[in-house]
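Undergrad: from the sequence below, what's the structure:
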Amino acid sequence: MPNKVVVIYSGGMDSFTVLHKAVQAGHDVYALSFNYGQRHVKELQCAATVCQQLGIKHKIVDISAINQLLAGSSLTDDIDIPEGHYAADNMKSTVVPNRNMILLSLAVGYAVSIGANQVYYGAHSGDHFIYPDCRPEFVQKMHDVCQIANYEPVDIVSPYLQQTKIEILADGLAMGLDYSQTWTCYNGRDKACGKCGSCQERLEAFALNHTTDPLPYE
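TA: Below is the predicted model:
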């Protein structure tokens with residue numbers, strides 16, 4: 001019997017690669033996406049399309065009501081999206097308070113309910129500077145608590161935790177993945193802006209892998 005796993009799947013390039021990594025490992029994958037009140041749903045639309053094409057069981061859960069509690073992020077509030085690289089201090093405005101702990105907790109609850117023993121998510125080393133909930137110590141603590149939070153232990157798996165987006169993309173390209181099926185830009189316009197931290201990191205990853213990003217840019 002294939003191992004049943006839950007993959008937190010935003011529709012972005014990191015979680016897209018994680019999803020395919022779990023599929024190619026032979027797991028029985030249940031994809032879980034969240035509408036937490038982010039500025040647009042283009043990533044979620046990408047996620048739905050990919051899961052439909054792959055025949056993967058997929059849920060999109062609306063938890064946008066939590067925005068009544070989580071203020072101050074440019075991803076969810078009426079605050080300008082910062083431009084520049086993730087190494088810049090102004091990118092801290094893109095932190096959504098406690099987001100990954102909330103999403104992982106919900107995903108673990110879902111995993112227990114369907115008999116899955118692992119939850120995958122796409123934290124990587126490029127996120128460590130800005131996002132505390134993508135750092136190895138956070139992932140380890142979440143893994144530890146999810147061993148005892150229910151009668152059934154659930155593992156938190158971050159296959160790219162120590163790797164950069166450049167290395168994630170290299171792995172995905174080696175798997176033959178089509179990154180036109182993903183969306184990364186913080187803005188939800190017809191074309192990616194190319195200026196926000198998310199776009200800049202993505203473009204850098206493609207450049208350093210000596211290939212062209214298939215997404216259109218403004």
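Undergrad: alpha carbons only: can I get the longest strand seen in the chain in CSV?
TA: Longest strand in the chain by number of residues (criterion: DSSP state E): strand 28-35. Written as CSV, here are the backbone C-alpha positions of strand 28-35 (Å, rounded to 0.1, in the frame of the first residue of the first chain):
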residue,chain,number,x,y,z
ASP,A,28,-0.8,8.5,-2.0
VAL,A,29,-0.9,12.3,-2.1
TYR,A,30,-3.7,14.5,-0.6
ALA,A,31,-3.1,18.1,-1.6
LEU,A,32,-4.3,20.9,0.7
SER,A,33,-4.5,24.5,-0.2
PHE,A,34,-5.6,27.5,1.9
ASN,A,35,-7.3,30.8,1.1
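Undergrad: can you list the residues that contact it?
TA: Outside strand 28-35, the residues within contact range by C-beta atoms under 8 Å, 6 or more residues apart in numbering are 1-11, 19, 22-23, 41, 44, 47-48, 51, 56-64, 103, 106-107, 110-111, 114, 116. Placement of C-beta: from N, CA and C, glycine included.
Undergrad: apply 7 Å and report the result again.
TA: Residues outside strand 28-35 that contact it (C-beta atoms under 7 Å, 6 or more residues apart in numbering): 2-11, 19, 22-23, 41, 44, 47, 51, 56-64, 103, 107, 110, 114, 116.
Undergrad: one more: stretch 174-185?
TA: 11-13, 16-17, 20, 24, 42-43, 46, 49-50, 172, 192-193, 196, 198-199, 202, 213-215.
Undergrad: can you do 8 Å?
TA: Stretch 174-185 has contacts (C-beta under 8 Å, 6+ apart) with 11-13, 16-17, 20-21, 24, 42-43, 45-46, 49-50, 169, 172, 192-194, 196, 198-199, 202, 213-215.
Undergrad: again, but for stretch 152-162
TA: Contact partners of stretch 152-162, identified using C-beta under 8 Å, 6+ apart, comprise 5, 14, 17-18, 21, 104, 108, 111-112, 115-125, 136, 139, 142-143, 146-147, 167-168, 171.
Undergrad: many thanks, I have nothing further to ask.
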